[in-house]
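Colleague: Okay, structure incoming, though there's no sequence with it:
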């Protein structure tokens, strides 16, 4: 165990800090648990990657000796704050405040532990996003109603007030009593109106009630990934006919559409995954029935969240395929027809794809082509179940080389960096041996933002960061040529413009167009392929229909 030290006046070395890894060994927990103990204040850091010996001793004496550090205890330590105490504290603060309630909302959110915020999906929307999302002049507001079904500290509601909605026509719901009280006092502070329309309730549960009021405008940031029991999500999902889209974001989209008047406007701030991941497909199909006005990317505005925040603004009236959708991000704004989204696989809402991009992809896909769907055999890399035990850095007796996804680099393969015992029965998951031993096969990275494929004729084994595909014997394109096609810039451009993902999924690869009639040579040359397609490369790296 290595410890950072300091000297006393007598030259004696006294331990001062200890690494996270060594402290985890000392108290018999994982390094991840130690990091959670740091976050919750049980352990104190003195420098990057190290904690103080004093705090470790204090923890062992006062906590570890009294609380069992089993898995359940470790999990509870992640959320060590007393939420009832926090609620009590902030109810008193609200009563004592005379102004600055928006600041109090930020302070309250900061008082919540990361794990509690994650569990409840609490991420209050910054004012700048609220203003961008809800910034158009609204005519004849006198009798229009506005609702935020997850009102938080009331940023959307205060914006609605500033735009001219009458306070008596503004409604809000939240399951957090502090959020409800903050919103009420902010309405009072802004307008002098004492509102009884800000209600402590679960908006999803309210949908079960008959004759629920409908609203002309619903703008909100629903809780992302809020932890709800699966059976409860399934019950609510069946009520909305949600199919497999039963995460909280999807359920709130369904609930908002249900609660919106005909021709009413909806604005939702959602995680990036909503726009392209398969589990959200049913929710995307539902919103595509209506008139989408705008898709906006706000990048990564929330502390502690790596996912991008992207908004959708729509009107509840039947979609016209010729309607124009504005796709906006910090770099540019473009416009596309609704029909271009309807043609996407899985109803993907690819807002980074401009109108010209969409037209080019539609043109490429209009040319006669085949796909890999039902035309290939697929295999997964080996899952050892215990990498520390089985994976070795150097060759040895009874070991075979295995390749990782990162070893695949654009039609090339690095030398193997790891080795495993040749007895495949040892491992948690192994594809049929004939897939690895195929005379020729294509292996490709699984986690990657770029397609990286390698044509293998040496019966190599791979780990689960890579996958395998083997086209059927009658497939009309040679495997080596197919590999070159998938590594090409144009195919990578198509893939990125449609899917915009860091996972190379079989279902996505099965959609990509393969123009067999242009791939009959012994070598894939992209420039020649583009000529045959009638497509040209632009100076900015994109592709366009040849003029």
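Modeller: Ah, there it is. In this text the structure is predicted, and so the values were computed from the model without any measurement.

Colleague: alpha carbons only for contacts and neighbour counts from here, please
Modeller: OK.

Colleague: Count residues in the vicinity of residue 432, would you?
Modeller: Residues lying near residue 432 (other C-alpha atoms under 10 Å) number 10.

Colleague: Tell me the span between the first and last residue of stretch 370-385.
Modeller: 37 Å (C-alpha to C-alpha, to the nearest Å).

Colleague: Would you mind listing the outside residues contacting it?
Modeller: 390, 426-432, 435, 461-472, 475, 509-516 (C-alpha atoms under 8 Å, 6 or more residues apart in numbering).

Colleague: try 6 Å
Modeller: 427-431, 462-464, 466-472, 510, 513-514 (C-alpha atoms under 6 Å, 6 or more residues apart in numbering).

Colleague: what does stretch 242-261 give?
Modeller: Outside stretch 242-261, the residues that reach it (C-alpha under 6 Å, 6+ apart) are 214, 215, 216, 224, 225, 233, 237, 279, 280, 282, 283.

Colleague: Format those as CSV; extra columns: pLDDT.
Modeller: Shown next, in CSV, are these (pLDDT from 0 to 100):
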residue, pLDDT
214, 94
215, 96
216, 95
224, 84
225, 73
233, 83
237, 87
279, 89
280, 93
282, 94
283, 94
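
Colleague: and which of those residues is nearest residue 143?
Modeller: residue 216 (9.4 Å; C-alpha to C-alpha).

Colleague: so is the closest one in a helix, a strand, or just coil?
Modeller: strand (DSSP: H, G, I helix; E, B strand; the rest coil).

Colleague: returning to what we had before: show me the two of the contacts of stretch 242-261 that sit farthest apart.
Modeller: 216 and 279 (28.8 Å).

Colleague: Between the two, point out the one with more neighbours.
Modeller: Using other C-alpha under 10 Å, the more surrounded residue of residue 216 and residue 279 is residue 216, with 21 against 17.

Colleague: Report the central residue of the protein.
Modeller: residue 273 (4.1 Å; C-alpha atoms, centre = their mean).

Colleague: ok, that one to residue 349 distance?
Modeller: Taking C-alpha to C-alpha, one finds residue 273 at 10 Å from residue 349.

Colleague: again with residue 324
Modeller: 14 Å.

Colleague: My read is that residue 219 contacts residue 269, right?
Modeller: No - look at residue 219 against residue 269 with C-alpha atoms under 6 Å: they stay out of range, at 8.5 Å.

Colleague: what about the stretch 251-400 of the chain, any weak spots by pLDDT?
Modeller: Applying pLDDT under 70 to the stretch 251-400 of the chain flags residues 304.

Colleague: now the helices for it?
Modeller: 281-287, 338-342, 355-366, 387-390 (DSSP state H, counting those that start in this stretch).

Colleague: Could you export those as TSV, including distance to residue 372 and mean neighbour count?
Modeller: Listed next are the helices of the stretch 251-400 of the chain as TSV, based on distance: least, C-alpha to C-alpha, whole Å; neighbours: other C-alpha atoms under 10 Å:
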stretch	distance to residue 372	mean neighbour count
helix 281-287	21	20
helix 338-342	22	19
helix 355-366	14	18
helix 387-390	32	11
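
Colleague: now for those, which one comes closest to residue 398?
Modeller: Judging the helices of the stretch 251-400 of the chain by C-alpha to C-alpha, what sits closest to residue 398 is helix 387-390, at 11.7 Å.

Colleague: what comes into contact with that closest one?
Modeller: residue 420.

Colleague: domains for the protein, by residue range?
Modeller: 3-77, 88-352, 376-545 (automatic domain parsing).

Colleague: wait, which of these is closest to residue 368?
Modeller: Of the domains of the chain, the one closest to residue 368 (C-alpha to C-alpha) turns out to be domain 376-545, at 6.7 Å.

Colleague: What about the closest residue to residue 240 other than its chain neighbours, how many residues nearby?
Modeller: Excluding the flanking residues, the one nearest residue 240 by C-alpha to C-alpha, 6 or more residues apart in numbering is residue 254, at 6.4 Å. Using other C-alpha under 10 Å, residue 254 has 24 other residues around it.

Colleague: ok, now residue 108?
Modeller: 18.

Colleague: again, but for residue 231
Modeller: 9.

Colleague: Can you list the buried residues in stretch 158-178?
Modeller: 158-161, 163, 165-167, 169-178 (16 or more other C-alpha atoms under 10 Å).

Colleague: Among those, which are located in strands?
Modeller: 170, 171, 172, 173, 174 (DSSP state E).

Colleague: Just put the residues you listed in TSV and tack on pLDDT and distance to residue 414.
Modeller: As requested, these are arranged in TSV below (pLDDT from 0 to 100; distance: C-alpha to C-alpha, whole Å):
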residue	pLDDT	distance to residue 414
170	96	62
171	97	60
172	97	57
173	96	56
174	93	54
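
Colleague: From residue 272, how far out is the residue nearest to residue 240?
Modeller: Taken as C-alpha to C-alpha, the span from residue 254 to residue 272 is 18 Å.

Colleague: Over to residue 228?
Modeller: 20 Å.

Colleague: swap in residue 94?
Modeller: Distance of residue 94 to residue 272, given as C-alpha to C-alpha: 34 Å.

Colleague: Assumed residue 544 was part of a strand.
Modeller: Yes - counting by three-state DSSP, residue 544 falls inside a strand.

Colleague: neighbour-wise, which of residue 228 and residue 272 wins?
Modeller: residue 272 (19 against 13).

Colleague: what's the helix or strand for residue 194?
Modeller: Of the helices and strands defined by DSSP states H and E, none includes residue 194.

Colleague: and it, what does it touch?
Modeller: residue 188.

Colleague: Over to residue 52: give its phi and psi.
Modeller: phi -80, psi 140 (degrees, to the nearest 10).

Colleague: Hmm, residue 22 and it touching each other?
Modeller: No - counting by C-alpha under 6 Å, residue 52 sits too far from residue 22 to count as a contact (11.9 Å).

Colleague: Give me the more crowded residue out of those two.
Modeller: Neighbours were counted for residue 52 and for residue 22 using other C-alpha under 10 Å; residue 52 has more, 20 against 15.

Colleague: Apart from its chain neighbours, what residue comes closest to that one?
Modeller: Residue 52 sits nearest to residue 17 (C-alpha to C-alpha, 6+ apart), 4.4 Å away.

Colleague: Doesn't that neighbour belong to a strand?
Modeller: Yes - assignment of residue 17 by three-state DSSP places it within a strand.

Colleague: My guess is it contacts residue 55. True?
Modeller: No - the criterion here is C-alpha under 6 Å, and residue 17 misses it with residue 55 at 9.4 Å.

Colleague: Those two: who's more crowded?
Modeller: Between residue 17 and residue 55, counted using other C-alpha under 10 Å, residue 17 has the larger neighbour count: 24 against 17.
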